[in-house]
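1. I would like to see how this sequence folds:
(chains A, B, C, D, E and F)
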Protein chains: 6
Amino acid sequence: MNYYSLVLVVVALVWALAAVAGDPDILGDFIVPAPMVGMPPTNITSDFFTYTDFLAAKEYMPWPPQYFIVIKANMEVFPALNGQSVSYAMLVFPSRYVNPPHTHQRAAELLFVQSGALSVGFVDTAGKLYTQVLVAGDIFVFPKGLVHYQYNQGPNPATAFSAFGSAAPGTVNVPASVFGTGIDDAVLAKSFKTDFWTVQKLKAALTPPPK
Amino acid sequence: MNYYSLVLVVVALVWALAAVAGDPDILGDFIVPAPMVGMPPTNITSDFFTYTDFLAAKEYMPWPPQYFIVIKANMEVFPALNGQSVSYAMLVFPSRYVNPPHTHQRAAELLFVQSGALSVGFVDTAGKLYTQVLVAGDIFVFPKGLVHYQYNQGPNPATAFSAFGSAAPGTVNVPASVFGTGIDDAVLAKSFKTDFWTVQKLKAALTPPPK
Amino acid sequence: MNYYSLVLVVVALVWALAAVAGDPDILGDFIVPAPMVGMPPTNITSDFFTYTDFLAAKEYMPWPPQYFIVIKANMEVFPALNGQSVSYAMLVFPSRYVNPPHTHQRAAELLFVQSGALSVGFVDTAGKLYTQVLVAGDIFVFPKGLVHYQYNQGPNPATAFSAFGSAAPGTVNVPASVFGTGIDDAVLAKSFKTDFWTVQKLKAALTPPPK
Amino acid sequence: MNYYSLVLVVVALVWALAAVAGDPDILGDFIVPAPMVGMPPTNITSDFFTYTDFLAAKEYMPWPPQYFIVIKANMEVFPALNGQSVSYAMLVFPSRYVNPPHTHQRAAELLFVQSGALSVGFVDTAGKLYTQVLVAGDIFVFPKGLVHYQYNQGPNPATAFSAFGSAAPGTVNVPASVFGTGIDDAVLAKSFKTDFWTVQKLKAALTPPPK
Amino acid sequence: MNYYSLVLVVVALVWALAAVAGDPDILGDFIVPAPMVGMPPTNITSDFFTYTDFLAAKEYMPWPPQYFIVIKANMEVFPALNGQSVSYAMLVFPSRYVNPPHTHQRAAELLFVQSGALSVGFVDTAGKLYTQVLVAGDIFVFPKGLVHYQYNQGPNPATAFSAFGSAAPGTVNVPASVFGTGIDDAVLAKSFKTDFWTVQKLKAALTPPPK
Amino acid sequence: MNYYSLVLVVVALVWALAAVAGDPDILGDFIVPAPMVGMPPTNITSDFFTYTDFLAAKEYMPWPPQYFIVIKANMEVFPALNGQSVSYAMLVFPSRYVNPPHTHQRAAELLFVQSGALSVGFVDTAGKLYTQVLVAGDIFVFPKGLVHYQYNQGPNPATAFSAFGSAAPGTVNVPASVFGTGIDDAVLAKSFKTDFWTVQKLKAALTPPPK
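-> Next up, the predicted model:
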């Protein structure tokens, strides 16, 4: 053993020690939703713990898919997850589709490719890009809070399941948040070190049409 | 001081760090494993964030499966999960197989049935049993810490993916813990309100053979 | 119900929410229970922080005890514990009594033997059994979430106090959860590697009579 | 609406409120850094708890400032903060400068404008932009994990102090992460719904020069 | 009070509960306060995230200050901080003023001296006193839960900003808690190893006048 | 590199681990202490989970007790508690003894009076004093972080057991912290609104003699 490796051990341990913080938990088996006024309380049967929308979605999904389809099993649509700190999403990618750069504020994403292939990537806070080409059966983890994307480069659809360590992981879509929400042109031009014309072109492409 | 004791120090510290640095929020993007003495530190590339054992397992798995197969993607085998609070398991059930009653101490389990069908159940702390028959595409949540099981009642294999809200959910197998670990016959007979002969029969069936 | 009491409900709830919605711990000194509709709010005096049921129980307890007696001081019966992450239980064991294998999902148990002697044990997730004979004055810790039991092997009663690091530790009674809740015979026979006759005998012994 | 349903509401809410607890934190007063090999351990005096780089920076800062200056008082540079869940940053904006859209993964930011004025904004996960013009003395909170920016629109410099509820809040700079890290042109063109030429122009502007 | 407002109350509470009962942090971008009965719900605009009382205070503050002034920006007065785990306080010290020994139960304090100078100190649990003289620009951290004070020894006023890693850090003022709340003379005389006369003198000085 | 510095490394790491590895949820059944350099690792048997010092103390304790005796079962003396978030203390009060005002930074205290009687009190952050006279069998909770005391007013000894929701609750003794650590007379005189002579008298009584 040498001096250098020991220093590495110590540095790594100190760094890892820094790497801790908090957590609570619910104080019951599960959380029963509060009833709405004038409505009977939720009747807790096995169905409360069952979620069938992935199944339903698959049955009615055109194949090959024409659009990117995300079906979430989070606590908003599956209330039994409240307090259980876990959720799922099913992702169906048409050929050539990109799920644009985004972050999840409250969870890492553990993506499992069920069919097809996906080119994925994330950027750490030091600005290093990690990319990988995943085939069916592969798993990839996008660390918590970092910008990441998935790209189906090939001619066939791809299907993936993502698990999250939160019942409500949250999603910040980067292009839409930045260019689709009305942030001042000057702020964007300076931030992206570009001209107003480019900013306006990007805004035009990414601003959702009025409802 | 000698080499051996230093290795012990480092192994113990790494183990202890593994035991603490995970599900509480980390204070960095991800946790780089501490290098072993005399070994170069882990080279963090995209492969560090990729897990391919599900894929490998599927390729070499006899079909129909003869045994219950569990392949885990937790932080023990996939160190990038340390600190990311999420993990996966792939479960392959032969026909008629039961995954016996067990608990996970540190996470709820969100089970997705990929193929086949499963009869599942869990018991809450009030002693109420919740059962469900799941078909391919269904999702079911087993709340944190409660006793649950899965049963493939049918003639065909079943495959499921489970997501956990911890990188190290932990598993307490109930029959093996209770009848396979040498707990005194009197304790078990009184606990299960039965006779010594029954206890010994169950112990004989559930005690693992000496290695 | 009148306007005033509803305002109180809402104020108390808002206050209580403020007390819980932020950081992991509560955000006030203690949590005042929300008043019931039409009832005055809890009057917070010293009595709110005092629990006298251990004392009452002792005074009226036949000695030697004929039954296993557990008196809990958790947040269900002692609301001041809500948010304080600690609770107690008093355990009184008749001679030869076994407190059957069980787990607490949300806390380790720190058992102090006050009188008599207890044989205790727990099983770790690797399937290793740890047993100990405790005498009056001894303390033993059952780690969080693991299966454990206590057995009063001797001719005299035993009394113990257990502290928990949660105001609501939760209890999963293993024999009752597994054999007393109606889990399918096939599931249990396969899980315990035994025959239907044995399963039915255990179920008959452990199923609570209908109320 | 009737009395019964309101009671149910309240009971359910009280029960749900009970459903919280938690917390970790360090288990000592503060964390003493591990000494480096061959070096004496950190001598813990009052200086360990004192940070003087803001002061030093101010003394040597040209005025008016020519560049955006960020001086952080986080646990990387001020180790006493480890385990204390709080940190600071001092921000000095030249006239017309924009601190580009970014997120902090592990903390909300509480910005206090000390001198000058700042136009700030953040985007919530529903895509709604919140903007404000802040003058000296104003405080603004950027919720945890959301994209936000600050812009000094005026002719004078502006100074701000930001507090974070983490000793290591982390920063994801959006333009640099997306256009400065080598993400494939096709991914970016599809994500931003633009052409390759625009992507390459943005990349050229935002990619840091090789060191 | 009408039906509509009650429904709003319940919806808001259910939403807020969903936001707290699960994972460690809040499960939404921010927490919208529940509306009071008969009042419209909080209209969430940028002003909800802005706090202007520091500014207002400064404008109306006599200079030099005659009294110690503390203006808090915590979740009680700035509800947007609920769930964001951070808060501020502005402290203005007249010449010779002491902010008496106190603790914050839920947060460390990170003090930044803006103008003037302050002598500060804290005592760790081993009874070691750490003192420091801070000048404008210095930062000092008072670790969580420890007794600390600030003293403006000089002839000029001093201004400081303190950041806390909690939206509700809590304050226990030591002299007032001990001598100003009616604790029995015997308890205090024995605790401080002094006579009744001294206790009564301190009580007289520190007991707030009846309102 | 030399032996001495390595021992320092290890001691510091073990200490630091102790400082962080506890109340956050651990990711294993229990935490095995890191072995010291040159020593074999801790052999984990049932004795690791057993603590016998309460028993030993009782056997050798003079009765009636002449001094206040506190025997702690926390993670410092009982390492198995590390990560289990719970600890005990046994308190033996001579007649007329006061356990002076103090706080625990990291846990509420749940006090059970085993014999004798105790007058107890705590002060909330609004300055309200809550007092109670407890008799054998009573339980009282001192909420987390608040100043509290116990007083044995009667002629007989009193014994109590306290449970804490942390393996390392921490103790800040108020009189000793304030008057026994060398805080400047002027700070104390101003804080307690008294004269230097009184401060010096209190300091003389409460400053521990030099060792």
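2. Wondering if stretch A:106-125 reaches chain D at all.
-> Yes. Using C-beta under 8 Å from any C-beta of the partner chain, we find that stretch A:106-125 touches chain D at A:106, A:119, A:121, A:123, A:125. C-betas here are computed from N, CA, C, even on glycine.
3. What residues of that stretch count as buried?
-> Across stretch A:106-125, burial judged by 16 or more other C-beta atoms under 10 Å in any protein chain shown covers A:106-113, A:116-125.
4. Kindly report the same for stretch A:93-100.
-> Within stretch A:93-100, judged by 16+ other C-beta under 10 Å, the buried ones are A:93, A:97-100.
5. In strands, which of the residues of stretch A:106-125 next to chain D appear?
-> Using DSSP state E, the subset of the residues of stretch A:106-125 next to chain D located in strands is A:119, A:121, A:123.
6. Dump these to CSV, plus distance to chain F and pLDDT.
-> As requested, these are arranged in CSV below (distance: C-beta to the nearest C-beta, whole Å; pLDDT from 0 to 100):
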residue, distance to chain F, pLDDT
A:S119, 32, 98
A:G121, 28, 98
A:V123, 27, 97
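7. closest to chain E among the residues you listed?
-> The shortest approach to chain E among those belongs to A:V123, at 22.4 Å (C-beta to the nearest C-beta).
8. who touches A:N99 in this structure?
-> Residues near A:N99 by C-beta atoms under 8 Å, 6 or more residues apart in numbering or on different chains: A:68, A:91, A:93, A:149-151.
9. Going through those residues, which ones are buried?
-> Neighbour counting with 16+ other C-beta under 10 Å marks A:91, A:93, A:149-151 as buried within these.
10. which residues of chain A fall in strands?
-> In chain order, chain A shows strands spanning A:50-51, A:69-73, A:87-93, A:98-103, A:109-115, A:117-123, A:129-135, A:139-142, A:147-151, A:158-164, A:172-173, with DSSP E as the criterion.
11. between those, which gets nearest to C:T181?
-> Taking C-beta to C-beta, strand A:50-51 is the member of the strands of chain A nearest to C:T181, at 18.7 Å.
12. Is any residue of that closest one near chain B?
-> Yes. Using C-beta under 8 Å from any C-beta, we find that strand A:50-51 touches chain B at A:50-51.
13. Just the closest of the buried ones among the contacts of A:N99 to E:F192, please.
-> A:Y149 (64.8 Å).
14. Now flag whichever of the buried residues of stretch A:93-100 is closest to chain B.
-> Nearest to chain B among these, counting by C-beta to the nearest C-beta, is A:N99 at 17.0 Å.
15. Pairing partners for the closest one in the sheet, please.
-> A:Q150 (DSSP bridges).
16. where do the helices sit along chain A?
-> Remark: helices assigned in chain A by DSSP state H are A:3-18, A:53-60, A:174-179, A:185-191, A:196-206.
17. mean pLDDT for these: which is lowest?
-> Lowest mean pLDDT within the helices of chain A: helix A:3-18, at a mean of 34.
18. For the residue lying closest to A:I44 once chain neighbours are set aside, the count of nearby residues, please.
-> Leaving aside its sequence neighbours, A:I44 sits nearest to A:V32 (C-beta to C-beta, 6 or more residues apart in numbering or on different chains; 5.9 Å). If you count neighbours by other C-beta atoms under 10 Å in any protein chain shown, A:V32 ends up with 19.
19. how close does A:V32 get to chain C?
-> A:V32 sits at a distance of 15 Å from chain C (criterion: C-beta to the nearest C-beta, to the nearest Å).
20. now A:A89: how far from B:A73?
-> 17 Å (C-beta to C-beta, to the nearest Å).
21. what about these two, which has more around it?
-> The neighbour count for A:A89 versus B:A73, taken as other C-beta under 10 Å, is higher for B:A73 (27 against 20).
22. what bridges to the residue nearest to that one when sequence neighbours are not counted?
-> Closest residue to B:A73 apart from its sequence neighbours, by C-beta to C-beta, 6+ apart: B:Y88 at 4.2 Å. Listed by DSSP bridges, the beta-bridge partners for B:Y88 are B:A73, B:A163.
23. need the contact list for B:Y88.
-> Neighbour list for B:Y88: A:110, A:112, A:139, A:163, B:54, B:72-74, B:161-164 [criterion: C-beta under 8 Å, 6+ apart].
24. Counting neighbours, what do you get for A:N156?
-> Residues near A:N156, counting by other C-beta under 10 Å, number 12.
25. Go ahead and confirm it touches A:Y97.
-> No. Here A:N156 does not reach A:Y97: they are 11.4 Å apart, not a contact under C-beta atoms under 8 Å.
26. returning to what we had before: which of the contacts of B:Y88 has the weakest pLDDT?
-> The member of those with the lowest pLDDT is B:F54, at 82.
27. Chain neighbours aside, what residue packs nearest to the closest residue to chain E within chain A?
-> Across chain A, the shortest distance to chain E (C-beta to the nearest C-beta) belongs to A:A168, at 3.9 Å. Nearest residue to A:A168 in three dimensions, chain neighbours excluded: E:L27, at 3.9 Å (C-beta to C-beta, 6+ apart).
28. Read off the pLDDT value for that neighbour.
-> Note on E:L27: pLDDT of 82.
29. follow-up on the earlier one: would you mind measuring from the residue nearest to B:A73 to C:T207?
-> In this structure, B:Y88 and C:T207 are 36 Å apart, going by C-beta to C-beta.
30. swap in A:P62?
-> In this view, A:P62 and C:T207 are 51 Å apart by C-beta to C-beta.
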